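Trainee: Sequence below, structure please.
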Amino acid sequence: MSTPVFRKPDLGDRPLGLKVGRDFALPAHTLYLAWTERFDHWFAVPGSVLMRPAVDAPFFFETEFKLKDAATAKRHLHYGRFLRLTIDRLIELTWVTGEGRSRSAPERLADGPRASRTSNRRAVRELLR
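Mentor: So this is what the prediction gives:
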């Protein structure tokens, strides 16, 4: 069952955006678990995820990226929250990436299942208050 966000963020004045969709040959339940409970199995650094799949629940995860010529990998910290959840049907979340980079990424599981991502370049720190 989908629970509305107490105070949904206003993203209406975001001038730049990108939306990309993809069909997956996986059951919706598998995708739902991947985004809500097993994020460090495929995206985040293993063991770095602090996440509870609940609307308005804040979460944290880390990613690492090593440039070809770099001696060590660089850590990227991410903070976010779930905006809407409907088990096996819909995940809408947003996160902020450190160092001034931000991402607002609604992820939806529906009709297929299909996931779509919308990214905005403007800071979304106010979303996490």
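
Trainee: Show me which helix or strand of this structure is least confident by mean pLDDT.
Mentor: strand 102-103 (a mean of 50; mean pLDDT, DSSP states H and E).

Trainee: Residue 92 is in contact with residue 86, isn't it?
Mentor: No: shown here, residue 92 and residue 86 do not form a contact pair, counting by Cβ atoms under 8 Å, at 9.1 Å. Where C-beta positions appear, they are placed from N, C-alpha and C, glycine not excepted.

Trainee: Between these two, which is the more surrounded one?
Mentor: residue 92 (20 against 15; other Cβ atoms under 10 Å).

Trainee: tell me the SS of the more buried one?
Mentor: Under the three-state scheme (DSSP: H, G, I helix; E, B strand; the rest coil), residue 92 adopts strand.

Trainee: mind checking pLDDT for it?
Mentor: On the pLDDT scale, residue 92 is placed at 84.

Trainee: For it, name its beta-bridge partners.
Mentor: Beta-bridge partners of residue 92, counted by DSSP bridges, are residue 84.

Trainee: Tell me where this structure has strands.
Mentor: According to DSSP state E, the chain carries its strands in the segments 18-23, 58-65, 74-86, 90-97, 102-103, 114-119.

Trainee: Could you dump these into a markdown table and include distance to residue 41?
Mentor: Shown next, in a markdown table, are those (distance: least, Cβ to Cβ, whole Å):
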| stretch | distance to residue 41 |
| --- | --- |
| strand 18-23 | 18 |
| strand 58-65 | 12 |
| strand 74-86 | 16 |
| strand 90-97 | 16 |
| strand 102-103 | 20 |
| strand 114-119 | 16 |
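
Trainee: Those: which one's closest to residue 33?
Mentor: strand 90-97 (10.4 Å; Cβ to Cβ).
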